[in-house]
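Asks: okay, here's the prediction I keep looking at, along with the sequence it came from:
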Amino acid sequence: MRTTWWLALVLSVGLGALVTGTRSGGLASAEDAAAKPAFIGAEGCKKCHFKQFQSWKKTGMANTFESLKPDAKPEKKTAGGLDPKADYTKDPKCLKCHATAYGTEAGYPAVVAGKAFTPAEEGRAKLNAGVTCESCHGPGSLYSPFKKDHQQFKLAEIVALGATTPPKVEHCMACHVKECPTMPKDYAFDFEKGKKSDNLHAHVPLKFPH
């Protein structure tokens with residue numbers, strides 16, 4: 001199962017594993033580049049991207065994990081031949097598009113039949129349920145603490161720390177495909193139209209050029 005807009009612009013980033021080089025506010029150090037970025041969850045984004053966060057919370061992407069729960073979107077599930085009473089929150093086929101970075105080391109943990117999540121995995125699952133900011137903007141643990149003065153800020157500096165610069169059609173096409181049972185049989189993803197969808201967060205002009 002997938003919603004009609006799994007990936008697009010969802011800005012937000014904050015809190016996470018602080019790295020010495022970024023905390024001091026300089027260019028990404030060799031240590032930063034070698035560190036593995038982790039997903040910190042959309043709640044960490046509010047401190048810097050409050051308007052984007054508030055608008056994202058109302059979108060289908062933000063709530064796409066909820067649609068996997070029993071009795072959620074029953075008409076759509078029934079039309080797709082799914083059981084509206086079933087719980088799809090443990091179905092890997094659904095989670096790869098209804099959760100962020102499913103099955104990766106730093107994203108939503110992979111579901112293994114008969115095995116409960118560890119406390120650490122539970123935490124990752126909570127952070128990455130739904131299509132979060134980091135689905136499009138990359139795991140934020142390294143670039144979210146970047147403290148350099150925003151007026152001097154260069155996009156390349158956070159890209160070096162794991163940030164990505166959407167929208168990119170390949171992000172969207174990972175899930176916007178006809179194979180999903182709830183997609184129309186004649187579904188064809190329109191990237192240009194999708195970028196203008198009301199299923200995206202508000203676009204707030206940057207204060208400084210980057």
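Replies: Received the coordinates, thanks.
Asks: what does the average pLDDT come to for the longest helix belonging to the chain?
Replies: The single longest helix within the chain, with elements called by DSSP state H, is helix 119-128. Model confidence over helix 119-128, given as mean pLDDT, is 95.
Asks: name the residues of it that are buried.
Replies: 121, 124-125, 127-128 (16 or more other Cβ atoms under 10 Å). Where C-beta positions appear, they are placed from N, C-alpha and C, glycine not excepted.
Asks: what of stretch 125-145?
Replies: 125, 127-145.
Asks: gap between it and the chain center?
Replies: With Cα atoms, centre = their mean, to the nearest Å as the basis, stretch 125-145 stands 5 Å off its chain's centre.
Asks: hey, C-alpha coordinates of it in CSV?
Replies: This file holds the C-alpha atoms of stretch 125-145, laid out as CSV (Å, rounded to 0.1, in the frame of the first residue of the first chain):
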residue,chain,number,x,y,z
ALA,A,125,10.0,3.1,14.4
LYS,A,126,8.4,6.0,16.2
LEU,A,127,10.8,8.6,14.6
ASN,A,128,10.3,7.2,11.1
ALA,A,129,6.6,6.3,10.9
GLY,A,130,5.1,8.0,7.9
VAL,A,131,6.8,10.0,5.2
THR,A,132,8.9,12.5,7.2
CYS,A,133,11.0,15.4,6.3
GLU,A,134,14.1,13.2,6.1
SER,A,135,12.5,11.1,3.4
CYS,A,136,13.3,14.0,1.0
HIS,A,137,15.9,15.9,2.9
GLY,A,138,18.2,13.1,4.1
PRO,A,139,19.0,11.9,7.6
GLY,A,140,19.6,14.9,9.8
SER,A,141,21.7,13.9,12.7
LEU,A,142,24.9,15.4,11.3
TYR,A,143,23.5,18.5,9.5
SER,A,144,20.8,19.5,11.9
PRO,A,145,23.2,20.8,14.6
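Asks: picking up where we left off before, with distance to residue 107 as extra columns, can I get the buried residues of helix 119-128 in CSV?
Replies: Shown next, in CSV, are those (distance: Cβ to Cβ, whole Å):
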residue, distance to residue 107
121, 11
124, 7
125, 9
127, 9
128, 5
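Asks: and which of these is nearest residue 196?
Replies: Proximity of the buried residues of helix 119-128 to residue 196 (Cβ to Cβ) peaks at residue 128, which lies at 26.4 Å.
Asks: what's the closest one in contact with, if anything?
Replies: 39, 41, 99-102, 107-108, 134 (Cβ atoms under 8 Å, 6 or more residues apart in numbering).
Asks: for it, give its distance to residue 53.
Replies: 16 Å (Cβ to Cβ, to the nearest Å).
Asks: now residue 129
Replies: Separation of residue 129 from residue 53 (Cβ to Cβ): 15 Å.
Asks: likewise residue 36?
Replies: Going from residue 36 to residue 53 by Cβ to Cβ gives 25 Å.
Asks: and for residue 96?
Replies: The gap separating residue 96 from residue 53 is 24 Å, by Cβ to Cβ.
Asks: more neighbours: the two, which one.
Replies: residue 53 (24 against 17; other Cβ atoms under 10 Å).
Asks: quick check, the more buried one in contact with residue 41.
Replies: No: judged on Cβ atoms under 8 Å, residue 53 makes no contact with residue 41 at a distance of 11.1 Å.
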